Structures are given as structure tokens and as C-alpha cells.
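In: Build the 3D model from these lines:
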Amino acid sequence: MTEFTDRLQGRLGHVFADPTLLAQALTHRSFGQPNNERFEFLGDSVLNCAISMALFKRFPGLREGELSRARSSMVCQDALVRVATGLDLGSCLRLGEGELRSGGARRPSILADALEALIAAVCLDAGFETARALVDRLFEPLLAEVDPAAPGKDPKTALQEWLQGHKIALPTYSMIRVLGDAHAQEFEVACEVPKFSVRTIGRGSSRRAAEQRSAELALAQLKK
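Out: Numbering: from 1, shown residues only. Predicted coordinates for the structure are as follows:
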């Protein structure tokens, strides 16, 4: 194992009994086989189940739809990237030369997928309860931010409602550019609120995701 993966295991609080599982979880398809694509599938399910359990226990008064919206806000790409960045996961990834040159270690879609794969690797290595406990630790800061009064409200909706409440015209969104290869594109979208001279730029693996991110940044500026 490398120095980077040793540090990663320290941050996770889990030392792998089978290091090959960790290696595969960190291997992008551009690097070769075996890669982490199958692990992503399992990790997505483990993550959703673990977050569902955490929300169910923490918010006994929330209805099904409210719990679903809260979960969506915690397992979206932006949330996963936030956790992956906190782990410095990008420095541990095994990427092909093309992805390395194009900044794949910082690409949100790659980081989010790798985090799901990592959760799957822990589950395979030590069982679901260990993986669930890991998710609880890693996502606790996000869980603490959940607003029971309006869980999971997407940033575009939240921004629109804030502006409407202050009788201000709705924001405009415009595409700035598309980055990366066709199979791994990133979009940059600007959100503008002219009345306050606010202009923010968000990135995402789809135009919608980029719009949501730019709206989130705009709302944060308006609430300062």
C-alpha cells in the first residue's frame, strides 16, 4: 500500500483486511481492470440505506416524502464530492494518463463514484454494520445541516423562493462552457441576480447540476 492509501485508511478509521478491495475501489476505468464500476453499484445502495437509517432515527416526526427529500440532498453528487474532498480521496485514485492530464482527480463525477466504491469496499471487507458506521461518521456534518422544516429543498427552488419573498425578479442562468471528453463532461453555468450584482458560477456533471450549484452559491451570497 502507498503512503496516500495508508493516510486514507487512517482518515477512514478502517484498515482493510483485504487491501485488494481498497485498491479496486480506487481504480478508475481509465486505468484498467479490475476497476471500481461494480463497486459503485453496491456502494450506492449501501450509502442510501445507511443515510435512510440515520435520517429515520434522527427525525422521527418527518413523513416519508420529507425523509426522501432529505436523503436526496445528502446523497447527491455535490454532497459526495464534499465528503470525498475532506478525505483527500483524489490523491489516492488510480487514473489513466488521459484522466490525469485533464484533472480527473478533481472531477466531481469521478470523486463521487470513487466514494461510493470506497463505501462498498468497506462493506465487502468488514460487513454492512461497519460500512454504515463509516457513513454515519463521514456524513455527520451534512446530517447536522438538514433543516427539518424544509429538508432536501433544491438550491434553485430555495433561491427562487427567497427572491420571490423579497419581491425580486427571478435569476437567470447561462451556459459558460463544457469541459472534458464526451464520456466525462463537466458543465459551467452562471447564475445572475442583477439587482444585487450577484453572479456565481457552478460546475456539475450535467447542466442541471451546474445550475443547482450556481444557485446554491448565489443564495449563500445573498444571505450574508
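In: for this structure, what spans make up the helices?
Out: 3-12, 19-25, 37-58, 64-74, 77-86, 97-101, 108-126, 128-144, 155-165, 207-222 (DSSP state H).
In: Counting neighbours, show which residues of the shortest one come out buried.
Out: The one in question is helix 97-101. residue 99 (16 or more other C-beta atoms under 10 Å). All C-beta spots, glycine's among them, are computed from the backbone N, C-alpha and C.
In: quick thing: my sequence starts at 669, can you match it?
Out: Understood, numbering begins at 669; the last thing we discussed is helix 765-769.
In: Tell me which residues of stretch 701-708 come out buried.
Out: If you call a residue buried by 16+ other C-beta under 10 Å, then stretch 701-708 has these buried ones: 703-704, 707-708.
In: possible to save the residues you listed as TSV with distance to residue 887?
Out: Putting these into TSV (distance: C-beta to C-beta, whole Å) gives the following:
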residue	distance to residue 887
703	37
704	34
707	34
708	30
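In: re the thing from before, need the winner for burial among the helices of the chain.
Out: Among these, the stretch with the highest mean neighbour count (mean count of other C-beta atoms under 10 Å) is helix 776-794, at a mean of 24.
In: re the thing from before, weakest of the helices of the chain by average pLDDT?
Out: Note on those: helix 732-742 shows the lowest mean pLDDT, a mean of 84.
In: can you state the direction angle for that one and helix 745-754?
Out: Orientation note: helix 732-742 sits at an angle of 40 degrees relative to helix 745-754 (axes from the mean of the first three to the mean of the last three C-alpha atoms, to 10 degrees).
In: isn't residue 747 right up against residue 810?
Out: Yes - look at residue 747 against residue 810 with C-beta atoms under 8 Å: they come within range, at 5.6 Å.
In: Could you list the domains of the chain?
Out: Domain segmentation of the chain under automatic domain parsing yields 671-812, 823-890.
In: before we move on, the earlier item: make CSV from the helices of the chain and add distance to residue 842 to it.
Out: Below are the helices of the chain laid out as CSV (distance: least, C-beta to C-beta, whole Å):
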stretch, distance to residue 842
helix 671-680, 38
helix 687-693, 37
helix 705-726, 32
helix 732-742, 25
helix 745-754, 20
helix 765-769, 28
helix 776-794, 20
helix 796-812, 29
helix 823-833, 14
helix 875-890, 10
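In: Can you flag the residue of this protein lying furthest from its geometric centre?
Out: residue 835 (32.5 Å; C-alpha atoms, centre = their mean).
In: quick one: contacts for that one?
Out: Shown in contact with residue 835 (C-beta atoms under 8 Å, 6 or more residues apart in numbering): no residues.
In: next one: residue 765
Out: Contact analysis of residue 765 by C-beta under 8 Å, 6+ apart lists nothing.
In: And the helices of the chain: which comes nearest residue 855?
Out: Taking C-beta to C-beta, helix 875-890 is the member of those nearest to residue 855, at 4.2 Å.
In: Before I go, just wanted to say thanks for your time.
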